[in-house]
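Enquirer: got a sequence here, can you model it:
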Amino acid sequence: MTPAADPRASQAAQGAAQPGVDDDTVWRTLVGFCAYRIVVALLLSLGYGLFNNLFAIGLQQPALAGFTVIAYLVAAGMLLVPALMRKPSITLQVTLQVVVDTAAVVMLMYASGGIRSGLGVVLLMSLAGAGLISRGRLAFLNAAIAAIAVLGEHFIQVVNNDAPPADFLQSGLMSLAYFATAGLGSTLARYARASQKIAEQRSIDLANLSQINELVIRDMQDGFLVVDEKDAIRQHNPRCAQMLGPVPGRGSSLRGYSPELAHLLANWRGDPRPAFFTLGNPSSAAELQVHFVAIGTGEPPPTVIFIEDVGRMREHAQQMKLVALGRLTASIAHEIRNPLSSIGHAAELLGEDVKEKPEQRLISIIRDNVFRLDRLVQEVLYLNRRDRAEPEAIEPRSYLANFVHEFCASEKVPERGVVLDLRTPQRMRFDRQHLDQVLWNLARNAWRHGRKGEGSLRIALSPGPATGTLALDVFDDGLGVLPEAQAHLFEPFFTTDAQGTGLGLYIARELCDGSGANLEYIDDATGGQFRVTMKGA
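Expert: Below you'll find the predicted structure:
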């Protein structure tokens with residue numbers, strides 16, 4: 001499963017990639033631009049009113065200059081209101097603000113002697129700010145407005161004989177500066193938006209990577225423990241707690257949590273070579289294997305401790321071997337079946353012609369061994385049927401009654417020897433053919449090891465230990481399974497019967513796993529008991 005990052009970050013990344021999107025950053029920049037305009041208007045007002053002998057604003061037309069600075073200050077304050085309200089669009093507001101700045105500065109230039117007053121420089125900052133906010137060719141439109149206004153102002157000065165024509169060069173250079181400033185601001189804004197987009201995408205990638213790492217660490221089958229240079233626990237996964245017991249809080253001492261693990265870590269730090277150590281856990285019978293990996297720098301460096309369940313690894317290796325063995329034996333079984341059938345058929349034909357007892361005895365031996373080999377072939381073929389399970393809802397009363405009837409007829413068992421005990425009408429969820437095989441194996445074993453009397457074999461169905469489950473028990477009144485044999489009951493080819501194959505219970509458990517059920521032996525002093533815990537329907 002791939003974790004998703006915050007959708008708001010994704011939307012922000014998309015907004016940065018699309019021109020003309022009025023995101024929070026642009027609106028905040030526009031508000032800052034308005035605040036800058038108010039400051040410029042205040043400085044012009046103070047310069048005109050208090051320090052005009054220094055700045056020489058409005059030397060030619062003082063009245064026009066006074067009116068302009070006051071009007072500019074009022075307009076600057078009014079332009080802040082729509083920026084705070086974020087209405088209308090940014091494009092319209094930026095264009096209107098540039099027009100206001102251009103009109104105010106050009107009027108002050110006209111009142112102060114034209115281009116030589118130096119006030120045209122004020123428009124450079126205004127155009128730079130507009131270039132940072134506006135997108136595309138709008139920045140150059142703003143520069144064109146300013147350039148046309150400055151050139152028009154100088155043209156009027158020349159017509160009125162207030163300025164020499166030679167100053168057109170200075171006005172032209174100022175106009176070029178406007179275009180360069182607008183282009184530079186627009187380019188910087190484009191690079192900033194691209195950088196913002198990349199940063200936001202990196203943020204999303206890092207968030208996804210962090211969640212993936214957390215999922216991997218949480219679901220990994222090995223224990224994971226991180227300790228710092230002072231042997232304080234900094235991080236762990238749930239598997240570590242399952243192996244070594246509940247892990248104390250962050251920052252707790254490793255020695256207090258697992259003294260043996262702390263001792264192994266100290267030995268490894270003395271000789272930090274790749275090595276695996278065996279950890280004996282007193283609270284569990286599981287055999288654990290530990291190896292250490294240093295991370296970062298320091299003396300000693302922080303360390304990652306990996307804890308592996310050796311028993312699980314061996315079980316996985318054994319399962320792989322059994323899968324390969326199942327495929328091999330199934331292939332061999334198919335090859336054996338045809339000649340075995342031919343041998344059995346030939347023995348039947350030979351038995352019809354032979355009347356002497358010695359020959360009849362030899363033919364009987366052939367038949368018995370053919371039957372035994374055929375049963376072995378049948379059980380071997382069942383090894384590959386686990387993954388073909390098709391669970392269905394089975395009505396228990398009719399199914400179990402029919403099973404008891406067929407079992408008694410086929411195995412020559414008196415019907416009084418089998419007792420059926422139904423304590424729930426809930427349906428069983430199991431593959432019907434697989435359940436036949438499992439029950440047949442358990443019932444045959446129970447009858448063979450029981451006393452073969454009335455009620456020696458009992459089949460009971462009752463509610464299971466968990467909600468929604470059923471427990472199907474098969475009892476016998478025999479001596480039960482010896483304690484030393486119970487640990488090997490479900491191992492393949494383990495049997496206490498000289499005529500058995502050792503595959504019956506192993507195949508029964510595999511078939512139960514295929515239907516989401518569990519087969520186990522219940523140690524009961526009154527006899528043998530096998531329980532199939534399955535899902536109810």
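Enquirer: so His291: helix, strand or coil?
Expert: With DSSP: H, G, I helix; E, B strand; the rest coil as the basis, His291 sits in strand.
Enquirer: can you report how many residues neighbour the residue lying closest to it once chain neighbours are set aside?
Expert: In space, and not counting its chain neighbours, His291 is closest to Phe276: 4.9 Å by Cβ to Cβ, 6 or more residues apart in numbering. For every residue, glycine as well, the C-beta is placed using N, CA and C. Per other Cβ atoms under 10 Å, the neighbour tally for Phe276 reads 11.
Enquirer: how close does Phe276 get to Asp222?
Expert: From Phe276 across to Asp222, the span is 12 Å (Cβ to Cβ, to the nearest Å).
Enquirer: packing partners for the one helix or strand Val94 maps to?
Expert: In this assignment (DSSP states H and E), Val94 forms part of helix 90-112. Helices and strands touching helix 90-112, by 3 or more Cβ pairs under 8 Å, 6 or more residues apart in numbering; DSSP states H and E, are helix 24-49, helix 62-85, helix 122-133, helix 138-159.
Enquirer: rerun that using 6 Å as the cut-off
Expert: helix 62-85, helix 122-133, helix 138-159 (3 or more Cβ pairs under 6 Å, 6 or more residues apart in numbering; DSSP states H and E).
Enquirer: tell me the mean pLDDT for the helix or strand containing Thr181?
Expert: Element membership for Thr181, per DSSP H and E: helix 168-219. Along helix 168-219, the predicted confidence averages to a pLDDT of 86.
Enquirer: same thing with stretch 324-340?
Expert: On average, stretch 324-340 scores 72.
Enquirer: export it to CSV, keeping only CA atoms.
Expert: Written as CSV, here are the backbone C-alpha positions of stretch 324-340 (Å, rounded to 0.1, in the frame of the first residue of the first chain):
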residue,chain,number,x,y,z
ALA,A,324,9.3,-29.2,-3.2
LEU,A,325,8.8,-32.6,-1.7
GLY,A,326,5.1,-32.5,-2.3
ARG,A,327,5.6,-31.6,-6.0
LEU,A,328,8.2,-34.3,-6.4
THR,A,329,6.1,-37.0,-4.6
ALA,A,330,3.0,-36.0,-6.5
SER,A,331,4.8,-36.4,-9.8
ILE,A,332,6.2,-39.8,-8.7
ALA,A,333,2.7,-40.8,-7.4
HIS,A,334,1.2,-40.2,-10.8
GLU,A,335,3.9,-42.4,-12.4
ILE,A,336,3.3,-45.2,-9.9
ARG,A,337,-0.4,-45.2,-10.1
ASN,A,338,-0.8,-46.9,-13.5
PRO,A,339,1.6,-49.8,-13.0
LEU,A,340,0.2,-50.2,-9.5
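Enquirer: what does stretch 227-240 contact?
Expert: Stretch 227-240 is contacted by residues 217-218, 223-226, 247, 251-252, 254, 298, 300, 302-303 when judged by Cβ atoms under 6 Å, 6 or more residues apart in numbering.
Enquirer: for stretch 85-105, same thing?
Expert: For stretch 85-105, using Cβ under 6 Å, 6+ apart, the contacting residues are 22, 26-27, 68, 72, 75, 79, 82, 119, 122-123, 126, 130, 133-134, 142, 145-146, 149.
Enquirer: okay, buried residues for it please.
Expert: Going by neighbour count (16 or more other Cβ atoms under 10 Å), the buried part of stretch 85-105 is Ile90, Gln93, Val94, Thr95, Gln97, Val98, Val100, Asp101, Thr102, Ala103, Ala104, Val105.
Enquirer: can you check stretch 243-250 too?
Expert: Quick answer for stretch 243-250 (16+ other Cβ under 10 Å): Met243, Leu244, Val247.
Enquirer: which of these lies closest to Arg327?
Expert: Met243 (32.9 Å; Cβ to Cβ).
Enquirer: now for that closest one: which residues touch it?
Expert: By Cβ under 6 Å, 6+ apart, the residues touching Met243 are Gly223, Ile307.
Enquirer: can we see that at 7 Å?
Expert: Gly223, Ala286, Leu288, Ile307, Asp309 (Cβ atoms under 7 Å, 6 or more residues apart in numbering).
Enquirer: which among the residues you listed end up buried?
Expert: Gly223, Leu288, Ile307, Asp309.
Enquirer: which ones among the residues you listed are found in strands?
Expert: Gly223, Leu288, Ile307, Asp309 (DSSP state E).
Enquirer: one step back: what pLDDT does the residue nearest to His291 get?
Expert: For Phe276, pLDDT reads 80.
Enquirer: for it, give its distance to Asp421.
Expert: 52 Å.
Enquirer: and Ile295, how far from Met243?
Expert: 21 Å.
Enquirer: which residues does Val304 bridge with?
Expert: Val226, Val293 (DSSP bridges).
Enquirer: right, and it touches His291 too?
Expert: No - taking contacts as Cβ atoms under 7 Å, Val304 lies outside contact range of His291: 9.4 Å.
Enquirer: what's the overlap in contacts for the two?
Expert: With Cβ under 7 Å, 6+ apart, Val304 and His291 have no common neighbours.
Enquirer: low-confidence stretches in the stretch 351-500 of the chain?
Expert: 354-357, 372, 375-376, 379-388, 496-500 (pLDDT under 70).
Enquirer: switch to 90 and redo it
Expert: Low-confidence segments of the stretch 351-500 of the chain (pLDDT under 90): 351-391, 409-412, 415, 431-434, 436-437, 441, 445-446, 448-455, 465-468, 478-500.
Enquirer: picking that back up, would you turn the helices and strands packed on helix 90-112 into TSV with distance to Gly468?
Expert: Formatted as TSV, the helices and strands packed on helix 90-112 follow (distance: least, Cβ to Cβ, whole Å):
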stretch	distance to Gly468
helix 62-85	59
helix 122-133	63
helix 138-159	66
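Enquirer: tabulate those (JSON lines), appending mean pLDDT and distance to Thr469.
Expert: Below are the helices and strands packed on helix 90-112 laid out as JSON lines (pLDDT from 0 to 100; distance: least, Cβ to Cβ, whole Å):
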{"stretch": "helix 62-85", "mean pLDDT": "90", "distance to Thr469": "64"}
{"stretch": "helix 122-133", "mean pLDDT": "87", "distance to Thr469": "67"}
{"stretch": "helix 138-159", "mean pLDDT": "89", "distance to Thr469": "70"}
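Enquirer: which of those sits most buried?
Expert: Of all the helices and strands packed on helix 90-112, helix 122-133 carries the top mean neighbour count, a mean of 23, counting by mean count of other Cβ atoms under 10 Å.
Enquirer: which helices and strands sit right next to that one?
Expert: With contacts taken as 3 or more Cβ pairs under 7 Å, 6 or more residues apart in numbering; DSSP states H and E, helix 122-133 sits against helix 24-49, helix 90-112, helix 138-159, helix 168-219.
Enquirer: what about the second one, distance to the chain center?
Expert: Pointing back at helix 90-112 there. Put simply, helix 90-112 sits 55 Å off its chain's centre (Cα atoms, centre = their mean, to the nearest Å).
Enquirer: picking up where we left off before, can you put the buried residues of stretch 85-105 in JSON lines and add pLDDT and distance to Ala393?
Expert: Shown next, in JSON lines, are these (pLDDT from 0 to 100; distance: Cβ to Cβ, whole Å):
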{"residue": "Ile90", "pLDDT": "85", "distance to Ala393": "65"}
{"residue": "Gln93", "pLDDT": "89", "distance to Ala393": "69"}
{"residue": "Val94", "pLDDT": "89", "distance to Ala393": "71"}
{"residue": "Thr95", "pLDDT": "88", "distance to Ala393": "73"}
{"residue": "Gln97", "pLDDT": "90", "distance to Ala393": "75"}
{"residue": "Val98", "pLDDT": "90", "distance to Ala393": "77"}
{"residue": "Val100", "pLDDT": "92", "distance to Ala393": "80"}
{"residue": "Asp101", "pLDDT": "91", "distance to Ala393": "81"}
{"residue": "Thr102", "pLDDT": "91", "distance to Ala393": "83"}
{"residue": "Ala103", "pLDDT": "92", "distance to Ala393": "85"}
{"residue": "Ala104", "pLDDT": "91", "distance to Ala393": "85"}
{"residue": "Val105", "pLDDT": "90", "distance to Ala393": "87"}
